[in-house]
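S.K.: Pasted the sequence and its predicted model underneath.
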Amino acid sequence: MTTTSTRGKTPRATAKATRTSSPEAKAASALLPAERPIRFLDEHGARVDEHSGYAEPPVELLAEAYRKMVVGRRFDQQCTALTKQGRLAVYPSSHGQEACQVGGVLALRADDWMFPTYRESVAITTRGVDPVETLTLLRGDWHCGYDAAAWRTAPQCTPLATQTIHAAGVAYGEKRKGNDSVALAFIGDGATSEGDFHEAMNFAAVFRAPAIFLVQNNGYAISVPLDKQTQAPALAYKGVGYGVRSERVDGNDPVAVLAVMLAAVEHGRAGHGPFLIEAHTYRMDAHTNADDATRYREPSEVDDWRSKDPIARLGAYLRAAGALDDARDAEIKAEAEAYAASLRERMNADPVLNPLDLFEHVYATPTPQLAAQRAQLAAELEAENQ
Amino acid sequence: MTTTSTRGKTPRATAKATRTSSPEAKAASALLPAERPIRFLDEHGARVDEHSGYAEPPVELLAEAYRKMVVGRRFDQQCTALTKQGRLAVYPSSHGQEACQVGGVLALRADDWMFPTYRESVAITTRGVDPVETLTLLRGDWHCGYDAAAWRTAPQCTPLATQTIHAAGVAYGEKRKGNDSVALAFIGDGATSEGDFHEAMNFAAVFRAPAIFLVQNNGYAISVPLDKQTQAPALAYKGVGYGVRSERVDGNDPVAVLAVMLAAVEHGRAGHGPFLIEAHTYRMDAHTNADDATRYREPSEVDDWRSKDPIARLGAYLRAAGALDDARDAEIKAEAEAYAASLRERMNADPVLNPLDLFEHVYATPTPQLAAQRAQLAAELEAENQ
Amino acid sequence: MSTTMAQAINTALRDALKDDDRVVVFGEDVGTLGGVFRITDGLTRDFGEDRCFDTPLAESGIMGFAIGMAMAGFRPVVELQFDAFAYPAFEQILSHVAKLRNRTRGALSLPIVIRVPFAGGIGGVEHHCDSSEAYYAHTPGLKVVTPATVADAYSLLREAINDPDPVVFLEPKKLYWSKDEVSLPAQTAPFGKAEVRREGTDVTLLSYGPSVPVALAAAEAAVEDGWSVEVVDLRTINPYDDATVDASVRKTGRCVVVTEASGFAGVGAEMAARVQERCFHSLAAPVLRVAGYDIPYPPPKLEHHHLPGVDRVLDTIARLQWDDVPMGSGAS
Amino acid sequence: MSTTMAQAINTALRDALKDDDRVVVFGEDVGTLGGVFRITDGLTRDFGEDRCFDTPLAESGIMGFAIGMAMAGFRPVVELQFDAFAYPAFEQILSHVAKLRNRTRGALSLPIVIRVPFAGGIGGVEHHCDSSEAYYAHTPGLKVVTPATVADAYSLLREAINDPDPVVFLEPKKLYWSKDEVSLPAQTAPFGKAEVRREGTDVTLLSYGPSVPVALAAAEAAVEDGWSVEVVDLRTINPYDDATVDASVRKTGRCVVVTEASGFAGVGAEMAARVQERCFHSLAAPVLRVAGYDIPYPPPKLEHHHLPGVDRVLDTIARLQWDDVPMGSGAS
Ligand SMILES: Cc1ncc(C[n+]2csc(CCOP(=O)(O)OP(=O)(O)O)c2C)c(N)n1
Ligand SMILES: Cc1ncc(C[n+]2csc(CCOP(=O)(O)OP(=O)(O)O)c2C)c(N)n1
Ligand SMILES: [Mg+2]
Ligand SMILES: [Mg+2]
């Protein structure tokens, strides 16, 4: 995030003298993020006390997060490999962002809604969705490959920030039905510049909808660094302008991500409305396989972030806490390998696609025009097969 | 504005303990508005000391503001009367908002840009634009009736908040040309909910464009009150999320509006970038002549605001300061009457419109298709005249 | 009973709110105020703020919120206050509303109605009178409906609300205060069925929404000129009723398309293209179009020059090669 | 010299930046990265951040900022990264870009070029392959240009940047890497002039942008079937060159419109409607259309079924009533 050192010299120092805590200023201060990003773990995984009172998640949950992160990263690597083999049309990796991918999801119940972007393949499989179904979109077989309603997981969203409003709407809808489920919208740092993010935050606040906006601030929108994206002191300072409670978190500290996510979920369930979380993280790979990250960032920057690896940090912490040992770690890695191997194998089989499916689900019932077009394609296909 | 009393119970008190003034928190505090709206005058026009260090504008400027406000209000009343006579298609009155209409404009130089909305007719005539040219749009003769380039005054903007981005762009463009002019965008409280406002603030901040966003918060967007519009502690809290210096001001205190506007203009000229001003004001009339305000607000509310009348307040202050007396006041009122009388008379004459103008200025040079359509209409008109 | 189109729409909303708990009405000023055209008058009072409510002033937000509520099982009926103020919602409409069923293979459907007061003829200043139907009609996944009669306004809106798919319901502003002898509830033909509003034998006027009354007036006036003019009202632009149109044109052998929207690449182009594709050998003359000019919508005092009127329709009928003189290149 | 369309566009931008200080290029990732398609490669390096720069990620913002900069005297050339990601900018485009000259009686003009990589055929996932030309073409006040050849890409873009009016410059993504023997700078015909890309006598294929190569391939293949096929490339959708189109159709007497976009209410409808309006008595058969289906753009593995291909064009030519059998109602 950027700090703004050369602000104007309009009267400000004196302004503070006038401050006697108006109701607005009080309300604002309850919404603003803590001075520094929340973290429980330092870069080596040692426990630190910078959590501003957020409760540490139970160790079982942390252990589960570790497992999911290891499996998730292995899945992600497998996807990159599949892309190189031409098995996926495109793949946006989340390598390095596993604390958010997993921490976001593990804080949810099955009846909560989730709104992933193109980058959230790991979050989706973490939710339990079949990896092959998850990859339908990126393989190019269809758009969304899983049952979005059953999983309460919207299709991976490409038009940036648009999904954040859907999250506000579904969160309000569920609340109106008397449910205490929440809706989690993933969004990137760059996408916070879109007008839709603004409208989503505002609608969520006005309707006190239990929506959580989890900004994975990985410092770049494709090639554009954050300081060309915003001059905000930090993205979490955007919440106060809507009356949305906001927090910054070390996005490579899985304990911190989970802790704040759990608080945000609780905040929503309790009827207090939306919550904005800015998580500082980094994508170790390029934007997608089609991108060349060397064009816009230094290798040294990537190296810096390698030393903040979320999996290593959580692993170290769990070991220190006695919740992980070599045997268990090996077990988890074996699970990850098996997961990847199964995926590899299943992705080798090209599914048989029916071109006539193109006309399905445009409407519940095809219009006469669509039926005619379908018939035309059917005739062409028949002619080809002769 | 709304205060938010029942926020979530997520750890916040402890959060404060952690605060040791991070660079981000410091940057934020330099951007946030003063605790209370800036004002120099109380409701009776007596000088109070709630101006947070903003300099009081010179008394000559205040006297000029008074004159313009009196003339502006008279103009506005005349427009409403003209509407009743069917001479205007529609008129959105700014009765009650004169401190902003006039205070916004008087802080500008001729080479500054201005972006008015439909409600800014008084601001436009205050800038010096001929009142009949100003009313071309609302009379229905054409769209923009004045020379927008010469006056550096964009057409009155109806698609809400769209003009704020133009202001950011032109402010940056002028800066790039080495000019120190600023761009003032008027906007209403309701329109701050539009995504375009978000994008404008962000672009202005990122490009350090000298744009001033003057929010006339009159408490309503047509019928929708501010608490259905936002849950922000106040609209001025939206600036920090973009790194935009923000202030709240008593929008019915012309001294305060001018003082903060002058500071904002100086801020922009000095290269410090954009400035957001939230001015609390009230429209005494309905949204437009077509609106029925009794459907959504109480007469008592209107009465309350009548006692905060910006013209009366400034008049009282100027009299106390010895800058206004009965004679001068009578002179100004006579000027206002003359202005209105001349307008009335000139608006009685229906201008002769040329239907073929419809095809002018669609492009610099008409396309062949347009030329053909123009010829078709010309033939029709000729046939009619036979 | 004499009923206005505004009343018919209001009643349709009421009846839908009554019949189906999942229906919610929202948008800018639709609550306390009852809408700037008073179409939602009394709904909040009678059904409560939960069923009909004001939103913040943000059309993309309104649209996206409707998508979310539909995902939660509601049937949102949103009002976008004027045609041009729907534009901020285009990304949500084009990239999500129109596509979500298809993208999710039917797992998520969006039974949303997008009500848009549209088109001109009311002396509105700029940005208040756009004819925006082509943008929607060209977008697969949307249904596009526009009533020309009071009964249709009621019946088509009820059907739109019951439809499992998103429907853009375009309300011709200038017809809000038009009256018909109708008692509600009214039941007219379903989506995808055009109506012959007037029978004739010489030429078919093909039209929809705000232009239907113009076509009917022209047909009436044409009697004097000795032409027997048939008028077909599409009612729903998508789905499109080729059968009714074809039957009419095959009978009359001539066709003029009347739309208020700018002609270039508009819905009228589709109508003309379809007619000649399907009825080529029945046509004694090219299908001609009477449309708004290809200009930004004019200021109030000039709009009548832009809007297709009876004279322009009659002039165009007159150009239908009644003497079988081939057209020169000077045409349109 | 063998040049790609991507190189031609890059060179056109360079030459414009060189020739006119007022030209600025901006958008998402156009600076350091050189654009996701590398179209702006090296511009920031060679002309500095003032002339070619990255913006925040907000298309309405990009468009509105361009409007403001144009008001200050610049000539902005903006890139909207993909067709569907132009949708957030629609309100700015429709309500301001297209109208400002008209609204201000010429006091303010907007010499803005909106570059949009558009259409499909590159295996892109959803939202990356929309054919959005109809939305622009239907909007008065915009010019709409789409090159099909390398030389045109250069020449039309230079003309677009020099044009005093806003131009939507649609770059067919799948042609970025197409090559022609061209040396730059190239000068081709101006806006409003269609080109006969191949001469023929039996039927005219009418097309533009990404569909021109398809039409040419079909024309080549048609030789085997004994058809002599003429191919007309519109080059600019608006302004529209009726004269060239009319001359071709009057010569051949038959016409098929080929567009990749969904057919319904698309630009192809306008093309078909115009041809029959203007050339009715020269036509031996209806003007038929080969278009994308009226469905959301398909996933990569199915897109070839959607896109008009040579076979579909040939099948359609075959349906042009060569034996003069009147069409039944089953057509299209
Ligand atoms: C509305 C819209 N504009 C542009 C794009 C193209 N695009 C895809 S990803 C991306 C960058 C997004 O950056 P960020 O939000 O930080 O997310 P990240 O990719 O870093 O996870 C861009 C510009 C898009 N998908 N949607
Ligand atoms: C994009 C858009 N949506 C809706 C409207 C219709 N509309 C005109 S004024 C208005 C209310 C604006 O309220 P506010 O911004 O508070 O300004 P005020 O009228 O109070 O000065 C609305 C909804 C519009 N002009 N533009
Ligand atoms: Mg990012
Ligand atoms: Mg207001």
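M.R.: Sure thing, it's come through. Ligands and ions are numbered 1, 2, ... in the order given.
S.K.: interface residues of the stretch 151-300 of chain A facing ligand 1?
M.R.: Residues of the stretch 151-300 of chain A lying close to ligand 1 by Cβ under 6 Å from any ligand atom are A:158-160, A:188-191, A:216, A:218, A:220-222, A:287. All C-beta spots, glycine's among them, are computed from the backbone N, C-alpha and C.
S.K.: Export those as JSON lines, with columns for secondary structure, distance to D:Asp54 and pLDDT.
M.R.: As requested, these are exported to JSON lines (DSSP: H, G, I helix; E, B strand; the rest coil; distance: Cβ to Cβ, whole Å; pLDDT from 0 to 100):
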{"residue": "A:Thr158", "secondary structure": "coil", "distance to D:Asp54": "20", "pLDDT": "98"}
{"residue": "A:Pro159", "secondary structure": "coil", "distance to D:Asp54": "20", "pLDDT": "98"}
{"residue": "A:Leu160", "secondary structure": "coil", "distance to D:Asp54": "15", "pLDDT": "98"}
{"residue": "A:Gly188", "secondary structure": "strand", "distance to D:Asp54": "15", "pLDDT": "98"}
{"residue": "A:Asp189", "secondary structure": "coil", "distance to D:Asp54": "14", "pLDDT": "98"}
{"residue": "A:Gly190", "secondary structure": "helix", "distance to D:Asp54": "10", "pLDDT": "98"}
{"residue": "A:Ala191", "secondary structure": "helix", "distance to D:Asp54": "15", "pLDDT": "98"}
{"residue": "A:Gln216", "secondary structure": "strand", "distance to D:Asp54": "20", "pLDDT": "98"}
{"residue": "A:Asn218", "secondary structure": "coil", "distance to D:Asp54": "16", "pLDDT": "98"}
{"residue": "A:Tyr220", "secondary structure": "strand", "distance to D:Asp54": "11", "pLDDT": "98"}
{"residue": "A:Ala221", "secondary structure": "strand", "distance to D:Asp54": "9", "pLDDT": "98"}
{"residue": "A:Ile222", "secondary structure": "coil", "distance to D:Asp54": "9", "pLDDT": "98"}
{"residue": "A:His287", "secondary structure": "coil", "distance to D:Asp54": "14", "pLDDT": "97"}
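S.K.: If we check chain D, which of the residues you listed are in contact?
M.R.: Contacts with chain D are made by A:158-160, A:190-191, A:221-222 out of these, judged by Cβ under 8 Å from any Cβ of the partner chain.
S.K.: which pair in these spans the largest distance?
M.R.: Pairwise distances across those peak at 14.9 Å for A:Pro159 and A:Ile222 (criterion: Cβ to Cβ).
S.K.: Now neighbour count and distance to B:Val90 too, for the residues of the stretch 151-300 of chain A next to ligand 1, in a markdown table please.
M.R.: Formatted as a markdown table, these follow (neighbours: other Cβ atoms under 10 Å in any protein chain shown; distance: Cβ to Cβ, whole Å):
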| residue | neighbour count | distance to B:Val90 |
| --- | --- | --- |
| A:Thr158 | 20 | 41 |
| A:Pro159 | 22 | 36 |
| A:Leu160 | 26 | 37 |
| A:Gly188 | 24 | 43 |
| A:Asp189 | 25 | 43 |
| A:Gly190 | 27 | 41 |
| A:Ala191 | 24 | 38 |
| A:Gln216 | 29 | 47 |
| A:Asn218 | 24 | 49 |
| A:Tyr220 | 24 | 48 |
| A:Ala221 | 23 | 42 |
| A:Ile222 | 22 | 45 |
| A:His287 | 22 | 49 |
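S.K.: Tell me the helices and strands packed up against the helix or strand hosting C:Thr11.
M.R.: According to DSSP states H and E, C:Thr11 maps onto helix C:5-19. On a contact count with 3 or more Cβ pairs under 8 Å, 6 or more residues apart in numbering or on different chains; DSSP states H and E, helix C:5-19 meets strand C:23-27, helix C:43-47, helix C:150-162, strand C:167-172.
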